[in-house]
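*Asks:* need coordinates for the following:
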Amino acid sequence: MYGYEMFRIVPDGLIYLRYWKDSLENYNYSNYLAICPKLAKNLLDSYGNK
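*Replies:* Here you go, the predicted model:
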């Protein structure tokens, strides 16, 4: 997604978003983390994915 890897922030961790779709947009409440692919790989290797 535009050169970034996207994660949704949830109360018990992060959810890796492999792709974006319009249904993910929630204008009332949504928290996302966008990071470069290298850091995303380190994050996934260290903590895994929900």
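*Asks:* helices along the chain, start to end?
*Replies:* Secondary structure of the chain, counting by DSSP state H: helices at 37-47.
*Asks:* what about it, any weak spots by pLDDT?
*Replies:* By pLDDT under 70, the low-scoring segments of the chain are 1, 48-50.
*Asks:* how about a cut-off of 90?
*Replies:* By pLDDT under 90, the low-scoring segments of the chain are 1-3, 8-32, 41-50.
*Asks:* which residue is nearest the centroid of it?
*Replies:* In the chain, the residue lying closest to the centroid (C-alpha atoms, centre = their mean) is residue 7, at 0.6 Å.
*Asks:* so it sits right up against residue 18, yeah?
*Replies:* No: using C-beta atoms under 8 Å, residue 7 is not in contact with residue 18; the gap is 10.7 Å. C-beta: built from backbone N, CA, C; applies to glycine.
*Asks:* relative to its centroid, which residue of the chain is most remote?
*Replies:* Outermost in the chain, C-alpha atoms, centre = their mean: residue 28 at 17.9 Å.
*Asks:* which residues in the chain form strands?
*Replies:* 5-10, 13-17, 32-35 (DSSP state E).
*Asks:* the shortest one: partners in the sheet, and parallel or antiparallel?
*Replies:* Strand pairing for strand 32-35, determined by DSSP bridges: strand 5-10 (antiparallel).
*Asks:* any chance you could list what contacts the partner strand?
*Replies:* 14-17, 20, 24, 30-37, 39-40, 43, 50 (C-beta atoms under 8 Å, 6 or more residues apart in numbering).
*Asks:* how about it, which residues are buried there?
*Replies:* Neighbour-count burial for strand 5-10 flags 5, 6, 7, 8 (criterion: 16 or more other C-beta atoms under 10 Å).
*Asks:* circling back: for ChimeraX, write the select line for the buried members of the contacts of strand 5-10.
*Replies:* Here is the ChimeraX command that selects the buried residues among the contacts of strand 5-10 (16+ other C-beta under 10 Å):
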select :14,17,33,40,43
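*Asks:* just read off the phi/psi values of the residue farthest from the centre of the chain.
*Replies:* phi -80, psi -40 (degrees, to the nearest 10).
*Asks:* contacts only, for it.
*Replies:* With C-beta under 8 Å, 6+ apart, residue 28 has no contacts at all.
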